[in-house]
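Engineer: Pasting the sequence and the predicted model now:
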Amino acid sequence: MNLISIKNLKKSFKTQFIETFAINDISFNIKQGEFTAITGPSGCGKSTLLSVLGLLEYADEGEYHLCSKDIIQLTASQRAEVRNHHIGFIFQSFNLIAELSTLDNVALPLKLRGVAKQEYIDLAYQALQKVGLGERAKHFPPQLSGGQQQRAAIARAIITNPDIILADEPTGNLDSENSKIVIDILLQLNKSGKTIVIVTHDQALANLAQKQLTMCDGQLIN
Ligand SMILES: Nc1ncnc2c1ncn2[C@@H]1O[C@H](COP(=O)(O)OP(=O)(O)OP(=O)(O)O)[C@@H](O)[C@H]1O
């Protein structure tokens with residue numbers, strides 16, 4: 001079953017003097033349970049594509065079906081709802097909130113859903129334990145190493161049990177040892193059935209994926 005279906009997708013950025021076609025007529029499908037890597041040179045549109053898939057950016061043209069739902073037609077609040085229920089996002093720079101404890105960061109997507117306090121605390125502990133961070137629940141992000149922060153970000157991404165995890169250069173800010181830990185967690189999540197799409201410059205990481213989408217100048221070249 002196709003979890004994601006993209007057809008003739010386009011997105012450009014207009015500044016005063018220039019229009020950049022970041023995504024220029026792209027079509028592809030991603031099946032449930034697939035591990036897909038998006039690769040390509042700097043500036044070819046990888047992050048823009050992931051942001052459109054994650055409903056952080058709007059496409060200009062084309063079709064996007066997620067879980068058979070037509071995403072393009074949705075209002076902003078419907079998109080937020082889809083994001084909260086179906087998508088977990090992992091960023092290169094972790095994007096944890098420094099003023100919240102690790103536990104509260106991880107619990108945030110459930111708080112936004114209105115889940116009861118004891119339930120979100122229990123689930124956040126479970127998610128932290130899954131990524132080997134149970135002992136760090138009360139620490140604040142600045143008190144964690146980069147690798148630990150990314151594992152907390154993964155716990156935040158999986159706490160809602162999303163259909164799909166989108167990761168933009170998830171190992172980009174990590175040393176090789178922490179990269180390996182994060183990659184192993186992503187592979188484990190994929191093994192347990194999660195659909196994963198990563199953007200990466202790391203060809204060794206891309207080679208672990210079942211499918212590679214290679215971009216160049218806003219287009220797919222494979
Ligand atoms: N907000 C924006 N305003 C104007 N142009 C943008 C904006 N975001 C991206 N672009 C342009 O769109 C193109 C694609 O950018 P994108 O960040 O998607 O590339 P990328 O492949 O992820 O690059 P990198 O590997 O360096 O992160 C680039 O030419 C970039 O300059």
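Structural biologist: On my side now, so go ahead. All figures in this text were calculated on a predicted structure; none of them were measured in a lab.
Engineer: Could you use CA atoms for every contact and neighbour count after this?
Structural biologist: Will do.
Engineer: backbone phi and psi for Leu166, please?
Structural biologist: Backbone torsions of Leu166, given as degrees, to the nearest 10, read phi -110, psi 130.
Engineer: what's near enough to touch it?
Structural biologist: 50, 54, 87-90, 196-198 (Cα atoms under 8 Å, 6 or more residues apart in numbering).
Engineer: what's around Leu220, how many residues?
Structural biologist: For Leu220, the neighbour count with other Cα atoms under 10 Å is 20.
Engineer: Check Ile121 too.
Structural biologist: Count around Ile121 with other Cα under 10 Å applied: 19.
Engineer: Export only the CA atoms of the stretch of helix or strand it belongs to, formatted as PDB.
Structural biologist: With secondary structure defined by DSSP states H and E, Ile121 is part of helix 117-130. Below are the C-alpha coordinates for helix 117-130, written out as PDB (Å, rounded to 0.1, in the frame of the first residue of the first chain):
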ATOM      1  CA  LYS A 117      -0.900  14.300  32.400                       C
ATOM      2  CA  GLN A 118      -0.200  10.900  33.900                       C
ATOM      3  CA  GLU A 119      -0.600   9.200  30.600                       C
ATOM      4  CA  TYR A 120       1.700  11.600  28.700                       C
ATOM      5  CA  ILE A 121       4.300  11.200  31.400                       C
ATOM      6  CA  ASP A 122       4.200   7.400  31.300                       C
ATOM      7  CA  LEU A 123       4.400   7.400  27.500                       C
ATOM      8  CA  ALA A 124       7.200   9.900  27.500                       C
ATOM      9  CA  TYR A 125       9.200   7.700  29.900                       C
ATOM     10  CA  GLN A 126       8.500   4.700  27.700                       C
ATOM     11  CA  ALA A 127       9.700   6.600  24.500                       C
ATOM     12  CA  LEU A 128      12.800   7.700  26.300                       C
ATOM     13  CA  GLN A 129      13.600   4.200  27.500                       C
ATOM     14  CA  LYS A 130      13.200   3.000  23.900                       C
END
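Engineer: what is the mean pLDDT for the helix or strand just after that helix?
Structural biologist: Using DSSP H and E, the helix or strand that follows helix 117-130 in sequence is helix 146-158. Averaging pLDDT along helix 146-158 gives 95.
Engineer: One more: stretch 42-59?
Structural biologist: Averaging pLDDT along stretch 42-59 gives 96.
Engineer: So is that stretch next to the ligand?
Structural biologist: Yes. If you take Cα under 6 Å from any ligand atom as the test, stretch 42-59 does meet the ligand, through 42-48.
Engineer: So in terms of bridging, what pairs with the residue nearest to the spatial centre of the chain?
Structural biologist: For the chain, the residue nearest the mean C-alpha position is Leu166 (2.1 Å; Cα atoms, centre = their mean). For Leu166, the beta-bridge partners under DSSP bridges are Phe89, Val197.
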